[in-house]
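A.B. asks: sequence below, structure please.
(chains A, B, C and D)
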There are 2 protein chains.
Amino acid sequence: MRGDGKKAFLPNDKFHPSRYLYLYQMETFIEYILQFGNLNKQQIELIKSKGREIELQKDELYWEAGKTVRQIGFLTEGVLRVYYYNNKGEEITRYFIDENHLILSGNTIDEIYTPAEYLSAITICKMVVFSKQDWKEILDTIVGWDTILQKIIAKHHSEKISRRSELIAQDATERYLDFIQKFPTLVNRVPLSYIASYLGITQSSLSRIRKTIR
Amino acid sequence: MRGDGKKAFLPNDKFHPSRYLYLYQMETFIEYILQFGNLNKQQIELIKSKGREIELQKDELYWEAGKTVRQIGFLTEGVLRVYYYNNKGEEITRYFIDENHLILSGNTIDEIYTPAEYLSAITICKMVVFSKQDWKEILDTIVGWDTILQKIIAKHHSEKISRRSELIAQDATERYLDFIQKFPTLVNRVPLSYIASYLGITQSSLSRIRKTIR
DNA sequence: TATTCTTTTTGCCAAATGGCAAGTGCCTTG
DNA sequence: CAAGGCACTTGCCATTTGGCAAAAAGAATA
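C.D. replies: Just a heads-up that it's a prediction; the model follows:
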């Protein structure tokens, strides 16, 4: 899968697959960042030196409500979901996070961030993570980094708002059609019940709706 | 109303009511900003020198879909609403903006921002506005201004997201109860039809719901 | 105060969605 | 291959919400 059989690696080689894999995730992150602003080689090296790759297993928690978040993460593979419990104790999916999204705890670096919600992996996820400290160092070192961040945040922001508010004006069928149009890559990877709670309908209704569509 | 009859002003006096009114709006803005970070006198003066007060009449547009936004605004009095038209041509209220909120067109300064939605005044509104150019000058001059902004943006962001996503998991009655709890100051100032479209229900349903509640 | 315009409430009925529980299909595990 | 566990589907019926149009209530204006 990774490397596509182009090269054979020997263990302990500095190009050992695991190392290569690491670079691959990081490369994706850099590529993403460069969409929002330019960075020179030195700056890119700094970022690379600070990032660390992690993998989350299915259903593994990345955030937990009430527990301090100490990392900034970038998702390169997999799907996460953010959810909370409403006053009836039901688990409600607030939104999904798919590939190539930054996960900025609370958006500000110097503050301690304690989410009121949970963030867990729907599928196996691969991420690049930075400690808050390293992230702050990047922020202090790279001129223009904050501008890049602001752009990314603004983009995420408007995405989320518009997705959400359009949902509410639609009936259940329209919501689902909208969902598969906006998240074509998620439909087949995310359990029905999560999609249903995201759309604000019951799982059985969604199942029926799905039947009428095809 | 303003000034509360404490003083009598003479026309052309530098303390003439209109001048005083101006300062009052600006004062509110400064006060708001200071919640998010410190500024020295000189910095405050710079901001004051750049801001301009405007008043919007009822139903007057502040943004128009497809038209470039050239201002940053801060609402000190009144209520605005952001709305768009769905594919059935219905007007959907995306959210309300009440007192003490910054209206940052697209969040980034140097870009041209062309909204896809409308922003208009529900009541008479008083605002402090800055041209993008002046705003940029403030940004370039005041160290830490961007940090303050980021905090404000982050706050607005999480407010909006959580308000929206909680709505979708509730039935119509809960949505309304939630609304009056979260926007106690709006309920009596905003026409029923706007609230209904914000909550994703019809006006007549909302009217019926309101009857059952009290 | 009468007139008109706008906003909100209602009645009636249809359509959409929920609740619950059982059924089906698929995958895992022994 | 059998047994159990999930995830999804379905049936049946209750409840909620919508659609439409008319009535009522409030506001604005002359």
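A.B. asks: point out where chain A drops to low pLDDT.
C.D. replies: Residue ranges of chain A with pLDDT under 70: A:1-22, A:106-111.
A.B. asks: which residues of it lie near DNA strand C?
C.D. replies: Within chain A, the positions lying close to DNA strand C (C-beta under 7 Å from any atom of the strand) are A:D171, A:A172, A:T173, A:G200, A:I201, A:T202, A:S204, A:S205, A:I209. In short, each C-beta sits where N, CA and C put it, glycine included.
A.B. asks: list the contacts for the closest residue to the second one other than its chain neighbours?
C.D. replies: This points to A:A172. Leaving aside its chain neighbours, A:A172 sits nearest to A:I201 (4.7 Å; criterion: C-beta to C-beta, 6 or more residues apart in numbering or on different chains). Residues near A:I201 by C-beta atoms under 8 Å, 6 or more residues apart in numbering or on different chains: A:A172, A:R175, A:I209.
A.B. asks: next, count neighbours for the first one.
C.D. replies: Close neighbours of A:A172, defined as other C-beta atoms under 10 Å in any protein chain shown, add up to 16.
A.B. asks: same question for the second one.
C.D. replies: Neighbour count of A:R175, defined by other C-beta under 10 Å: 22.
A.B. asks: contacting residues for it?
C.D. replies: Counting by C-beta under 8 Å, 6+ apart, A:R175 makes contact with A:L167, A:L199, A:G200, A:I201.
A.B. asks: restricted to helices, list these.
C.D. replies: Those of the contacts of A:R175 mapping onto helices are A:L167, A:L199, per DSSP state H.
A.B. asks: and the contacts of A:R175, which are buried?
C.D. replies: By neighbour count, with 16 or more other C-beta atoms under 10 Å in any protein chain shown, those hold A:L167, A:L199, A:G200, A:I201 as buried.
A.B. asks: host element of the residue nearest to A:T141 when sequence neighbours are not counted?
C.D. replies: Closest residue to A:T141 in three dimensions, ignoring its sequence neighbours and counting by C-beta to C-beta, 6+ apart: A:L46, at 6.1 Å. Here A:L46, judged by DSSP states H and E, is contained in helix A:41-50.
A.B. asks: same question, A:T212
C.D. replies: Using DSSP H and E, A:T212 sits in helix A:203-213.
A.B. asks: which ones are touching A:S197?
C.D. replies: Counted by C-beta under 8 Å, 6+ apart, A:S197 has contacts A:Y83, A:E90, A:E91, A:I92, A:T93, B:A169.
A.B. asks: now these in CSV, with distance to A:A121?
C.D. replies: What follows is the contacts of A:S197, written out as CSV (distance: C-beta to C-beta, whole Å):
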residue, distance to A:A121
A:Y83, 12
A:E90, 21
A:E91, 15
A:I92, 18
A:T93, 13
B:A169, 22
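A.B. asks: would you mind giving those residues as TSV with neighbour count and distance to A:G144 added?
C.D. replies: Compiled in TSV, the contacts of A:S197 are given as follows (neighbours: other C-beta atoms under 10 Å in any protein chain shown; distance: C-beta to C-beta, whole Å):
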residue	neighbour count	distance to A:G144
A:Y83	20	35
A:E90	11	44
A:E91	14	40
A:I92	20	38
A:T93	23	35
B:A169	22	40
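A.B. asks: can you lay out those residues as TSV showing secondary structure?
C.D. replies: Formatted as TSV, the contacts of A:S197 follow (DSSP: H, G, I helix; E, B strand; the rest coil):
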residue	secondary structure
A:Y83	strand
A:E90	coil
A:E91	strand
A:I92	strand
A:T93	strand
B:A169	coil
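A.B. asks: nearest to A:G73, of those?
C.D. replies: Set against A:G73, the nearest of the contacts of A:S197 by C-beta to C-beta is A:Y83 (17.0 Å).
A.B. asks: looking at it, that closest one is touching A:E117, isn't it?
C.D. replies: Yes. Using C-beta atoms under 8 Å, A:Y83 is in contact with A:E117, at 6.4 Å.
A.B. asks: and the nearest residue in space to A:I103 that is not next to it in sequence, its phi and psi?
C.D. replies: Once flanking residues are discounted, A:I103 sits nearest to A:G73: 4.3 Å by C-beta to C-beta, 6+ apart. Here is the backbone geometry of A:G73 (degrees, to the nearest 10): phi -130, psi 160.
A.B. asks: who's A:G73 bridged to?
C.D. replies: A:I103, A:V129 (DSSP bridges).
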